[in-house]
Structures are given as C-alpha cells and as structure tokens.
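Participant: Only the shape, not the letters, is given here:
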C-alpha cells in the first residue's frame, strides 16, 4: 500500500515531464469551463456539461494521491500510475476545446479572446517539457548498460572460458541484459519493478528475489546498506548485505554489480561484509563482486 501511495504521490510530477499533453488537458478544462459557464447549455443541462463534469472529476482523482491510489487498487495494482489516465477522455477534451476556440475566434474577434489565448498559451509553455525527456537523457543512458555488460562478458569469458553467467545488478543493467545477450541470466526481470509487464501472468517472484530488488534499489537511491521492509503479516524486517549475499549465492549468481558512486563509509561496510579476501574490482564505474 505504501508503494502505491508513493507512486501516486510522485506520479503527477513524473507524468508532466513527458511532453505537453498534460498542460493541454488542463488548458482545455479551463477553457471549456469558461465556455460552458457563459453558455445556455450549461444552465439548461444537457450531455455536454455532464461529460465535462465527469472529465474534470476523474482528472482531479488522477492528480490527487489518495484517489489515485484507489484507482490503482481498482486496477488490481498490476499497472503503474500512468495507466489510470486511460479513464480520462483527454483527446476528446482537447479536440473539443480546440474546436470551440477556433469557432469562437472565427465568429467574433475581441480582446477577451486574445487574453484567453495568451493565458492558455502561458499554461502550456510553463508546464511540462517541450518534448519527452526520453529523447534526451534516457537515450544517452542506453549505451552505459551495454558498455558495462560488454566489459563484464569479456571479463567472464577470460576468467572461465564460458559465455553464460548469472547476474544481480541495478535495474538499468538488468533491464538491458536480456536484450544484450541471452547468455546473461538476470536474477529477476523488469516485471519486478514494472508490474504492467507481468499483468497477464500468474507467475510471481519469491520473497528472496523481492528482497534483492528492494535492497539494491534502496542502495542506489540512498546509499544506505540496510533496508527495512514492512510486511502486513510479519511486520518490519531488516535486509542487509549479508542476507542478500547468501540469497544470491544460493540462487547460483555468478556476479554482483553495485553502484560505483557509493559513499565511502557504505563501501567500507560492504567490504567488511565481503571480507578481506574478496577484492573489490571496478567495471565501467560499477563495483564488481565475483561469487563463484
């Protein structure tokens, strides 16, 4: 439940960073509200005001974290936050607003229309990014996982003479592993953090795999080597590096990659857990741990 609430809380901010569509939607809602307010159709009732009211209410429900969680739970919690926006008729609202605006502008030219145009243009310009940020920063990050996997595969081939190996690493590395080579066996797949990918599958991850993911994700975000997991039945449970190492070894993992920008005290604690006999190698900015 806390995971859903966190996703819903950050969901709107993340959603507005992928283009101007959200800004166009808000501009359409404001403009249509103004048009309906001054029209006879709104005062006399009808289908248009009812459709507009539904669209406004469901939009507010998607933006508000509490109601967004309810919508996500209604979807059986399989899908990420962005999927709840399927309930909002965004294209219809924007098309309706554009049609209404162009018709009004053609019918009567006035200073009031110019003012409304400037207001809506300001909302669009000041909200969101002009293009999806996937075209910029994310595309530049695609090469980094492949570089890491390439160096690790070469290292493994030199060490063992084989091409297949099992890997536990940060999610950006594991997400690229299967596309890079079928010889790399990730300890878990993308569906562990993107539930929509496994929404039509009844397969689930075991507790130890979830522990590995939660610990690694926590280490990346905070630099802390311990993660406290809260469960409904057992309460709080601390997951540390030793627990993860034992689980990875039992699962037959060959290599572990850890973020290379960890705080020095965290890196020292992890080294203490590994022991002095284990050498800490570095590959493409990541710490490499060889288990077998």
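Facilitator: Received, thanks. These numbers come from a predicted model, not from an experiment. Residues are numbered from 1 along each chain as shown.

Participant: Show the residue spans covered by the strands in the stretch 151-292 of the chain.
Facilitator: When assigned using DSSP state E, counting those that start in this stretch, the strands of the stretch 151-292 of the chain occupy the ranges 165-168, 184-186, 227-231, 235-239, 255-259, 281-283, 286-290.

Participant: which stretch among those comes nearest residue 213?
Facilitator: When the strands of the stretch 151-292 of the chain are ranked by distance to residue 213, counting by C-beta to C-beta, first place goes to strand 165-168 at 9.2 Å. To be clear about C-beta, it is placed using only N, CA and C from the backbone, and glycine gets the same treatment.

Participant: who does that closest one pair up with?
Facilitator: If you go by DSSP bridges, strand 165-168 pairs up with strand 184-186 (parallel), strand 255-259 (parallel).

Participant: now the first one: how far from the chain's centre is it?
Facilitator: Pointing back at strand 184-186 there. Counting by C-alpha atoms, centre = their mean, to the nearest Å, strand 184-186 is centred 22 Å from the centre of its parent chain.

Participant: Name the residues that touch that strand?
Facilitator: With C-beta atoms under 8 Å, 6 or more residues apart in numbering as the contact definition, strand 184-186 has outside contacts at 149, 153, 164-169, 174, 177-178.

Participant: Closest one to residue 12 out of those, please.
Facilitator: Distances from residue 12 to the contacts of strand 184-186, taken as C-beta to C-beta, are shortest for residue 174 (27.7 Å).

Participant: if I look at that closest one, how far off is residue 182?
Facilitator: Residue 174 sits at a distance of 14 Å from residue 182 (criterion: C-beta to C-beta, to the nearest Å).

Participant: who has more neighbours, those two?
Facilitator: With neighbours defined as other C-beta atoms under 10 Å, residue 174 and residue 182 compare such that residue 174 has more, 24 against 10.

Participant: what pairs with the closest residue in space to the more buried one that isn't next to it in sequence across the strands?
Facilitator: On the basis of C-beta to C-beta, 6 or more residues apart in numbering, the spatially nearest residue to residue 174 that is not a chain neighbour turns out to be residue 186, at 4.3 Å. In this structure, residue 186 bridges to residue 167 when assessed by DSSP bridges.

Participant: Tell me how many other residues crowd residue 186.
Facilitator: For residue 186, the neighbour count with other C-beta under 10 Å is 19.

Participant: quick one: it from residue 23, how far?
Facilitator: According to C-beta to C-beta, residue 186 stands 37 Å off from residue 23.
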